[in-house]
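[1] need a structure here:
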Amino acid sequence: MRTRAVFYVAFLVIVAGLLIARSAHHHPSISSGLELAAKLNITNSVKKIIYDSKDGYFYTITNKGCFGWGRDGHCTIIESGSTSAVAFSRDGSTEAITTGKYLSVNRLHLHEASSPLTTVAVSNDGRWVAAGDGTNVLILDGGSGELSQTLAQAGPVADVAFSPDGNLLAVVCTRAGTTDEYNDITVWDTGLGRVSYTLPASSAVAFSEDGTLVATGSTDKAIHLFEVNGGNPKQTLVGHSEPVQCLAFSPDSKTLASGGGDKVLHLWDLRSGRILATLTDAIPRTAAVPQGVTAVAFSPDGQVLAGAFGDGLTELWNCQGANP
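    Prediction:
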């Protein structure tokens, strides 16, 4: 009888160990109450994630086109083939899509650039559209679609981002002849058409929704926060073991999401400067994931966080539990 009891206890210990191991294998590392809501296998590397508050969808931009997704993981292909970028105003009233050398504003106004367009952004109020054209940034009127300004850059344009009021535009450029070396970020005054200030060379940039901070991240593996007015250094966040590749502020500007080449997505509490939650890949794979986390975005209500990995897998997280 004693032998049977010992065997039974040992059996329970083994079962418990297997359950714990299985849980640890199939779930991400989470330091706060986030839940995986959906996983989307796109099979193509995601360059950017954009939310559209008008239809409630978010869009993943890949080298094979633009895909629209609902929070339940349902997919609708809205643009395929050579679509390189898409952007929306905050209320969804202004839409910009780039295809090769062509930029469409609200699908009514078509502008042809001199070289293929690589990125696009729309100001929150829909007043301005900015698109990267080789070593230039084109500024168009969001209503008429007419070209307003051409801003010359020091290298190929990799990304553009408007401040919430649309008065500033941050431009990320790679160095000529490279894809992973970057020039200093130039922050332009969109009204005057001149550089307001520069920020240290970085591959990622984002403005906080309250208009007070601009964040950058790059090969030094750190995130640098600056004051929007003047570009003065504010804070440095250290937590990634590889270069920081993408950034996004929560709508309330209290949390910053960062994705890195280390395949980790951090959520930062900006009041304390501490990591609020850490998300690693939730889906086991046999092959190594290239490029790490390549894109990240919050839904307009701040309830959902989308993060994309280099092999195209995109995960949606319910992030109410991560609010500081």
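[2] Quick check: beta-bridge partners of the residue lying closest to T119 once chain neighbours are set aside?
    Distances taken as Cβ to Cβ, 6 or more residues apart in numbering put G132 closest to T119, at 4.4 Å, once the chain neighbours are dropped. Placement of C-beta: from N, CA and C, glycine included. Here G132 sits in beta bridges with T119, V137, as judged by DSSP bridges.
[3] In this structure G132 contacts V120, no?
    Yes: at 7.4 Å, G132 counts as touching V120 under the criterion of Cβ atoms under 8 Å.
[4] Quick check: neighbours shared by the two?
    Counting by Cβ atoms under 8 Å, 6 or more residues apart in numbering, the residues touching both G132 and V120 are V160.
[5] For the residue nearest to T119, list the residues it contacts.
    G132 touches 117-120, 138, 156-160, 171, counting by Cβ under 8 Å, 6+ apart.
[6] and if we set it to 7 Å?
    117-119, 157, 160 (Cβ atoms under 7 Å, 6 or more residues apart in numbering).
[7] Equivalent analysis for H109, please.
    144-145.
[8] hmm, try it at 10 Å
    96, 103, 129, 140-146 (Cβ atoms under 10 Å, 6 or more residues apart in numbering).
[9] For A206, list each beta-bridge partner.
    Applying DSSP bridges, one finds that A206 bridges with A215.
[10] Return the distance of it relative to L40.
    Distance of A206 to L40, given as Cβ to Cβ, to the nearest Å: 22 Å.
[11] L279 now?
    For L279 relative to L40 (Cβ to Cβ), the value is 15 Å.
[12] okay, these two: which has more neighbours?
    Neighbour count, other Cβ atoms under 10 Å: between L279 and L40, L279 has more, with 27 against 19.
[13] so which strand or helix has the more buried one?
    strand 274-280 (DSSP states H and E).
[14] low-scoring stretches of this structure, by residue?
    The chain contains residues with pLDDT under 70 at 1-34, 37, 39, 41-44, 76-82, 281-290, 320-324.
[15] same thing but at 80, please
    1-45, 52-57, 63-84, 179-180, 280-291, 310-312, 319-324 (pLDDT under 80).
[16] Point to the residue nearest the middle of it.
    Residue closest to the average C-alpha location in the chain (Cα atoms, centre = their mean): V296, at 3.2 Å.
[17] distance of it from T119?
    Using Cβ to Cβ, we find V296 at a distance of 16 Å from T119.
[18] how far is stretch 300-315 from where the chain is centred?
    How far stretch 300-315 lies from its chain's middle: 8 Å, per Cα atoms, centre = their mean, to the nearest Å.
[19] Go through that stretch and flag the buried ones.
    300, 302-315 (16 or more other Cβ atoms under 10 Å).
[20] can you check stretch 238-255 too?
    Buried residues in stretch 238-255 (16+ other Cβ under 10 Å): 239-240, 243-251, 253-255.
[21] Now distance to P164 and secondary structure too, for those residues, in a markdown table please.
    As requested, these are exported to a markdown table (distance: Cβ to Cβ, whole Å; DSSP: H, G, I helix; E, B strand; the rest coil):
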| residue | distance to P164 | secondary structure |
| --- | --- | --- |
| G239 | 26 | coil |
| H240 | 26 | coil |
| P243 | 26 | coil |
| V244 | 22 | strand |
| Q245 | 23 | strand |
| C246 | 19 | strand |
| L247 | 15 | strand |
| A248 | 13 | strand |
| F249 | 10 | strand |
| S250 | 13 | coil |
| P251 | 11 | coil |
| S253 | 9 | coil |
| K254 | 15 | coil |
| T255 | 16 | strand |
